[in-house]
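Chemist: Sequence first, then the predicted structure:
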Amino acid sequence: MKPKSKVSLVSYQASQDQTLADHALDTSDLNTTDDVNIRESAFPGEQPNPAPMETGSLSVEQVLDSVAQCYPEIEVAINDIEAAEGKILSSWGQFDSNFGAFSISQPMGFYQNYHNGTGISQPLWGGGEVYGSYRIGRGKFEPWYGDRATDEGGEFKAGFALPLLKDRGIDARRTGVRSAEAGRDQVVADVESRLLQFQRFATQAYWDWVASGQAVQIQKQLLELAQTRVNQINERIEKGDLAIIARIDNERFIAKRLNDLIKARRLLEKAAIKMSLFYRDGNCMPVIAQPEQVPDDIPDAWRITEGQLDSDTNTAIAIRPELTALIAARDQACLDLQYANNLILPKLDVKGYAAKDVGALASSLGDKQPFQLQLGVVAEVPIQRREGLGKIRTAKAKLSQIDAKTRFVTDKIRAEIQDAASAVNAAYDQIQQSQKNVELARRSLQFGRQLFDAGDIDLIELNIYENSVADAELQLLEAVFKYFFNRATYETAKSGSAFER
């Protein structure tokens, strides 16, 4: 079972007839309750059925949904992927079928003729190409161009060229496609990393806003303590139980607490404005959340166990975008090495074609009539092989560099998760201690109120007890905020994907 803690951010309100311990401050402005219930729904996906927030309140899920739908930086990131997909499509253009045609006429001169033709070729993924063509040549041709003549129906021809050594396993065309795909994978990983950061920033901005709203409530409660005491002090002064200076002191407390409330409200407005970068309406326009939207409930806090930490670390190492990008970069470097090794191989291609003229004979010789078949081998051997050898050295160096970087990034991810878990657990421990401090401060305030009513302490001493309760509650609030701030960092550190695209 996960240890859970109840966080209470309200203090006690004095009245003329009852002690401070008998009353909770009016919290109608922010729709809070005496006990802020904590649920396990702070981070989407952790619980299968997170409990819904109070009607009208703003949940972290709503903010994250808004980020996924409207955050401008996400559109920029997604367009990076589109650009990478465009590069892949462009690289496939090397395998496009090629259609060609020509028409050559020689109407004047001793040799009068025309020579027309059309054809299509198709590069093959395994290297080489196949092609087919049709041509017709009529008239009187120069003896050295005798092959341009065809029978009256023209010539049909089909041929091929296949590599046996160089360009057999890899060639420039395939390298271009695979390199573009590896580049796309790196872009996707980079986008995923950026999306995770957007999610973390949005979550942390949300909890900053929630904490600021709760801080306003605490300052408001502290101010109301002094305001509700005015009539009681006046009555006691009239009875002679208090000196007139007590009225001045209470007015001074009201002025100071009102000033603190103004500061707290400014921090709330600042947090709401910051969150509006992530929280947007249906038209994707920034929305400044209102104070009454601060949620009543705060999710449960719990420690991260060693087992959970180990499991999350292993998962992060398997799926973190930074490592995914390095894997893609390594694939690309391996591809470069494979192509470099290909460059030092001797070229050995087998080529052939079949051709047949049709129609009436173009000459009495009938030399175009027979079916033609030709097969041959073409060889070419690089001597220095400097291009290939140089690229091999470059690719091997890059592979070593990527491997070293992968080890470092893996260590960095592990340290990042461990540090985030340590911060989460420290904040959890602070919450536990802060809760105890709040309870002790409240008990002291209860006794202080009784002493004040009995005339054993003055208003200044009572003010100290009241401020101690407020300070304890603010410390608890700070611990809660640190917990969720660091929890967002931890969730990002262990994640591999932020939003569905």
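Modeler: That came through, no problem. Numbers count the residues shown, from 1 in each chain.

Chemist: Please count neighbours and contacts with C-alpha atoms only from this point.
Modeler: Fine.

Chemist: Below-threshold pLDDT in this structure: ranges please.
Modeler: Applying pLDDT under 70 to the chain flags residues 1-55, 364, 496-501.

Chemist: can you give me the strands in the stretch 351-500 of the chain?
Modeler: Secondary structure of the stretch 351-500 of the chain by DSSP state E, counting those that start in this stretch: the strands cover 372-380.

Chemist: And for the chain?
Modeler: 98-106, 113-123, 129-139, 154-163, 347-358, 372-380 (DSSP state E).

Chemist: what's the burial count for the residue nearest to Pro107 when sequence neighbours are not counted?
Modeler: Nearest residue to Pro107, sequence neighbours excluded (C-alpha to C-alpha, 6 or more residues apart in numbering): Asn113, at 6.3 Å. By other C-alpha atoms under 10 Å, 19 other residues sit near Asn113.

Chemist: go on, Glu155?
Modeler: Neighbours of Glu155 (other C-alpha under 10 Å): 22.

Chemist: Quick check: bridge partners of Ala101?
Modeler: Per DSSP bridges, the residues bridged to Ala101 are Thr118.

Chemist: Contacts only, for it.
Modeler: Listed by C-alpha atoms under 8 Å, 6 or more residues apart in numbering, the contact partners of Ala101 are Asn116, Gly117, Thr118, Gly119.

Chemist: list the contacts for the closest residue to the first one other than its chain neighbours?
Modeler: Spelled out, it's Asn116. What sits nearest to Asn116 in space, not counting adjacent residues and going by C-alpha to C-alpha, 6+ apart, is Ser103, at 4.3 Å. Contact analysis of Ser103 by C-alpha under 8 Å, 6+ apart lists Tyr114, His115, Asn116, Gly117.

Chemist: And the helices in the stretch 101-250 of the chain, which stretches?
Modeler: 172-227, 230-239, 245-275 (DSSP state H, counting those that start in this stretch).

Chemist: Most tightly packed of the ones you listed?
Modeler: helix 172-227 (a mean of 22; mean count of other C-alpha atoms under 10 Å).

Chemist: How about Leu488, nearest residue that isn't a chain neighbour?
Modeler: Leu isn't right for residue 488; it's Ala. Arg200 (5.6 Å).

Chemist: Quick check: the gap between that neighbour and Pro72.
Modeler: Distance from Arg200 to Pro72, counting by C-alpha to C-alpha, to the nearest Å: 16 Å.

Chemist: what does Val187 give?
Modeler: 18 Å.

Chemist: Equivalent analysis for Thr315, please.
Modeler: Counting by C-alpha to C-alpha - Thr315 and Pro72 are separated by 29 Å.

Chemist: Equivalent analysis for Leu64, please.
Modeler: Here Leu64 is placed at a distance of 13 Å from Pro72 (C-alpha to C-alpha).

Chemist: Between the two, tell me which one has more neighbours.
Modeler: More crowded of Leu64 and Pro72, by other C-alpha under 10 Å: Leu64, with 25 against 13.

Chemist: Who are the contact partners of the more buried one?
Modeler: Listed by C-alpha under 8 Å, 6+ apart, the contact set of Leu64 reads Gln199, Ala202, Thr203, Phe278, Tyr279.

Chemist: okay, these in TSV with distance to Ile288 next?
Modeler: TSV is the format used below for those (distance: C-alpha to C-alpha, whole Å):
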residue	distance to Ile288
Gln199	18
Ala202	14
Thr203	15
Phe278	10
Tyr279	8
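
Chemist: which one of those sits closest to Val381?
Modeler: Val381 has its nearest neighbour among the contacts of Leu64 in Gln199, at 56.2 Å by C-alpha to C-alpha.

Chemist: tally of neighbours for the residue nearest to Phe141 when sequence neighbours are not counted?
Modeler: Excluding the flanking residues, the one nearest Phe141 by C-alpha to C-alpha, 6+ apart is Tyr111, at 5.6 Å. Residues near Tyr111, counting by other C-alpha under 10 Å, number 13.

Chemist: Surely Tyr111 and Arg138 touch.
Modeler: No: here Tyr111 does not reach Arg138: they are 10.9 Å apart, not a contact under C-alpha atoms under 8 Å.

Chemist: re earlier: tell me the one among the contacts of Leu64 nearest to Phe484.
Modeler: The closest of these to Phe484 turns out to be Thr203 (C-alpha to C-alpha; 8.5 Å).

Chemist: sorry, back to before: mind listing what the residue nearest to Phe141 touches?
Modeler: Neighbouring residues of Tyr111 by C-alpha under 8 Å, 6+ apart: Gly139, Lys140, Phe141, Glu142.

Chemist: And the nearest residue to Glu416 once chain neighbours are set aside, how close does it get to Ala189?
Modeler: Once flanking residues are discounted, Glu416 sits nearest to Ala493: 6.8 Å by C-alpha to C-alpha, 6+ apart. Ala493 is 14 Å from Ala189, where distance means C-alpha to C-alpha.

Chemist: Likewise for Ser121?
Modeler: Distance from Ser121 to Ala189, by C-alpha to C-alpha: 37 Å.

Chemist: Ok, Ile104 next?
Modeler: Using C-alpha to C-alpha, we find Ile104 at a distance of 54 Å from Ala189.

Chemist: again, but for Glu439
Modeler: Distance of Glu439 to Ala189, computed by C-alpha to C-alpha: 48 Å.

Chemist: Tyr339 too?
Modeler: The gap separating Tyr339 from Ala189 is 25 Å, by C-alpha to C-alpha.

Chemist: doesn't Ala333 make contact with Ala395?
Modeler: Yes: at 5.7 Å, Ala395 and Ala333 qualify as touching, with contact defined as C-alpha under 8 Å.

Chemist: need the contact list for the residue nearest to Ala488.
Modeler: Contacts of Arg200 by C-alpha under 8 Å, 6+ apart are Ala488, Thr489, Thr492.

Chemist: Summarise which helices and strands the top helix by length along the chain is packed against.
Modeler: For the chain, the helix with the greatest residue count under DSSP state H is helix 386-453. Judged by 3 or more C-alpha pairs under 8 Å, 6 or more residues apart in numbering; DSSP states H and E, the packing partners of helix 386-453 are helix 306-319, helix 321-343, helix 459-493.

Chemist: Please identify the buried residues of the second one?
Modeler: Think helix 321-343. Neighbour counts over helix 321-343 (16 or more other C-alpha atoms under 10 Å) mark 321-343 as buried.

Chemist: what do you get for the shortest one?
Modeler: Neighbour-count burial for helix 306-319 flags Leu309, Asp312, Thr313, Ala316, Ile317 (criterion: 16+ other C-alpha under 10 Å).

Chemist: tell me how far stretch 233-250 is from the chain's mean position?
Modeler: Relative to its parent chain, stretch 233-250 has a centroid offset of 61 Å by C-alpha atoms, centre = their mean, to the nearest Å.

Chemist: contacts for that stretch?
Modeler: Residues contacting stretch 233-250 (C-alpha under 8 Å, 6+ apart): Ala226, Val230, Gly455, Asp458, Leu459, Ile460.

Chemist: What distance do you get for the closest residue to the last one other than its chain neighbours to Glu238?
Modeler: Looking back up the chat, that one is Ile460. Ranked by C-alpha to C-alpha, 6+ apart and with sequence neighbours excluded, the top spatial neighbour of Ile460 is Asp249, at 7.3 Å. Asp249 sits 16 Å away from Glu238, going by C-alpha to C-alpha.

Chemist: ditto for Leu389
Modeler: With C-alpha to C-alpha as the criterion, Leu389 and Glu238 are 102 Å apart.

Chemist: again, but for Gln197
Modeler: Counting by C-alpha to C-alpha, the gap from Gln197 to Glu238 is 62 Å.

Chemist: what does Val480 give?
Modeler: Taking C-alpha to C-alpha, one finds Val480 at 45 Å from Glu238.

Chemist: repeat for Leu335
Modeler: Counting by C-alpha to C-alpha, the separation of Leu335 from Glu238 is 93 Å.
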